[in-house]
Structures are given as structure tokens and as C-alpha cells.
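>>> Please find the sequence and the predicted model below.
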Amino acid sequence: MGDQKGEDDGVTAKNDIFSARWNELLMAFSLLTRLPLPQPDWEGDKPAARAVWAYPIAGASVALLAALVGAFALIIGLSAPLAAICVLFVGIMTTGAMHEDGLADCADGFWGGWDTARRLEIMKDSRIGAYGVIALGLSLLGRWAALSEILAADGYIFAICAAAIVSRGAMVGVMVLLPPARQDGLSHTTGRPEIDTTVVAIGLATAFALFAGFGAVLFAGLATAGCFYLARAKIGGQTGDVLGATQQIVELAVLVSIASSLSS
């Protein structure tokens with residue numbers, strides 16, 4: 001009887017662990033994508049902070065879908081540059097352009113305000129300014145150019161997924177290293193991740209960066225460091241916009257690195 005109870009308790013514990021991880025996975029998809037999935041349970045203290053280990057998985061899912069659409073575009077006879085537009089379009093639609101919005105807001109706030117309070121105020125404004133337009137345009141143009149090179153070569157599905165995974169891992173790194181810059185908003189509500197969830201996210205990102213080549217590791221590291229130091233200097237912390245901008249910049253850096261290695 002005692003052995004049976006112990007086995008039942010063990011099964012229950014395993015089921016609880018699986019349910020918790022599954023809920024965290026749904027949280028990551030809910031936060032980072034617009035994919036139609038079941039809504040997670042948001043009960044508990046800072047539950048979203050425990051979900052960061054799944055950020056790279058959510059990014060990989062979006063990227064895989066975009067890459068498959070790009071592959072289909074190539075199969076039906078579209079050129080690599082046109083297929084690259086399809087990849088970008090799917091990525092933007094499945095994330096709700098939230099990362100692009102963060103990049104534009106950061107560009108407007110960081111260079112449009114003279115002090116921290118004003119920069120944060122500008123970043124909260126839903127309107128886009130000249131700096132935001134320029135940053136968004138350069139990001140789209142850079143990713144399109146890199147994807148055009150990548151889609152013309154073999155292994156493009158892995159390359160697109162690797163860039164997405166590494167950039168989501170970079171988001172987690174910035175979340176851990178910088179405190180929330182304001183006392184409200186998504187970043188403050190989410191909270192700072194614990195070390196175990198952080199290790200999983202950054203471990204996944206590092207592994208895929210290594211597979212993508214030393215250049216990808218170097219470019220991703222430099223881009224993440226640049227985002228970290230710029231956010232700390234401009235607003236003294238991170239926000240949801242900062243994390244979105246980090247994703248965009250690191251993804252661009254990895255794609256450029258891979259495209260450069262293919263053309264050399």
C-alpha cells in the first residue's frame with residue numbers, strides 16, 4: 001500500500017511539473033506571438049518571468065513557419081528577394097509586429113528625448129517619429145538583404161530559425177542584466193527571470209549561435225552588449241520596447257553574419 005501511494009505521488013508530481021512547463025510554454029507564445037493557442041493560467045507571483053526559458057522556442061516556431069513559407073515561395077518560382085519579402089511578412093504577422101514597434105519606440109525615445117523621463121514618455125507615445133521610421137526602415141532593409149542572400153543558398157531554414165532563437169535568448173539576457181526602467185508596463189509586470197530559466201534560454205541561444213558559426217556568436221554578442229549599454233545609458237534599465245529592439249537588432253546581426261559567410 002505504501003509503495004503504491006509513493007508511485008501515485010510520483011506520477012502526480014511529474015504531471016504537475018509537465019503542466020507547469022506546458023503553461024509556461026503557452027505564456028511565452030501568448031507574450032511573443034499572435035498564434036491562436038489556448039490561453040495560459042496567469043495566476044501566481046510573476047508567472048511570466050518563469051516562462052522565459054521558452055522564448056527561444058516561441059521564436060523558433062514563428063521562424064520555422066516563415067521559413068517554410070519562404071521555401072514554398074521558392075518552389076513556385078519566386079526569386080530569393082521576393083521569397084525574402086514573404087519570410088518577413090509572415091514573421092511580422094505572426095508576432096503582431098511587436099518587436100518592430102519596440103525598435104521604433106526606442107529609436108524615437110533614445111534620440112528624441114534629453115533626459116530619462118522624457119525618453120520614457122516618448123517611448124510610451126503610440127505615434128512614430130522620424131528616428132523610428134529610419135530605424136524600422138533600416139531594420140527591414142537589412143533583414144531583407146540578408147535573407148535574400150540566405151534564401152539563395154542551402155540550409156536557409158536552419159539559418160532563419162537560428163537567428164530567431166538567438167535573438168530571443170538575447171532578450172532574456174537583457175531582462176536579467178537590467179532592472180525595469182519604469183514602475184508599470186509589460187517589463188515590470190513580467191519581472192526579472194530566475195537563474196534556472198535564464199540558463200535554459202541563453203543555453204539554447206548559444207547552442208544555435210555556435211552551430212551558425214563563430215561570426216554569429218560574435219555578432220550576436222556585440223549586438224546584445226550594444227543594446228544593454230545603450231539602454232542603461234539612456235533610460236537606466238529595460239522596458240518591453242527595449243526587449244523588442246534587442247530582438248530586432250540581434251536577429252539582424254545574426255542574419256548579416258550568416259549572409260556574409262555565404263557570400264565570402
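Nice, thanks for sending it over.

>>> what about the helices in the stretch 1-150 of the chain?
Per DSSP state H, counting those that start in this stretch, the stretch 1-150 of the chain carries helices over the ranges 2-32, 55-75, 80-95, 98-112, 116-124, 130-151.

>>> residues contacting the residue nearest the centre of the chain?
Nearest residue to the geometric centre of the chain (CA atoms, centre = their mean): residue 168, 3.1 Å. Counting by CB atoms under 8 Å, 6 or more residues apart in numbering, residue 168 makes contact with 32, 55-56, 58-59, 201, 205, 247. (C-beta placed from N, C-alpha, C; glycine too.)

>>> per-residue pLDDT, residue 20?
Per-residue pLDDT puts residue 20 at 86.

>>> What is the most widely separated pair among the contacts of residue 168?
Across the contacts of residue 168, no pair lies farther apart than 32 and 205, at 14.0 Å, counting by CB to CB.

>>> Local confidence estimate at the residue lying closest to residue 262 once chain neighbours are set aside?
Excluding its sequence neighbours, the residue lying closest to residue 262 (CB to CB, 6 or more residues apart in numbering) is residue 153, at 4.8 Å. You'll see residue 153 listed with a pLDDT of 92.

>>> swap in the one 3 residues further on?
Reading off the confidence values, residue 156 has pLDDT 91.

>>> distance of it from residue 73?
11 Å (CB to CB, to the nearest Å).

>>> ok, now residue 27?
Remark: distance between residue 27 and residue 73 (CB to CB) = 32 Å.

>>> Comparing residue 32 and residue 205, which residue is more hemmed in?
residue 205 (29 against 26; other CB atoms under 10 Å).

>>> Contact partners for the more buried one?
Here residue 205 is in contact with 56, 165-170, 172, 220 (criterion: CB under 8 Å, 6+ apart).

>>> Output those in a markdown table, with pLDDT and secondary structure appended to each entry.
A markdown table is the format used below for the contacts of residue 205 (pLDDT from 0 to 100; DSSP: H, G, I helix; E, B strand; the rest coil):
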| residue | pLDDT | secondary structure |
| --- | --- | --- |
| 56 | 95 | helix |
| 165 | 96 | helix |
| 166 | 96 | helix |
| 167 | 97 | helix |
| 168 | 96 | helix |
| 169 | 96 | helix |
| 170 | 97 | helix |
| 172 | 96 | helix |
| 220 | 95 | helix |
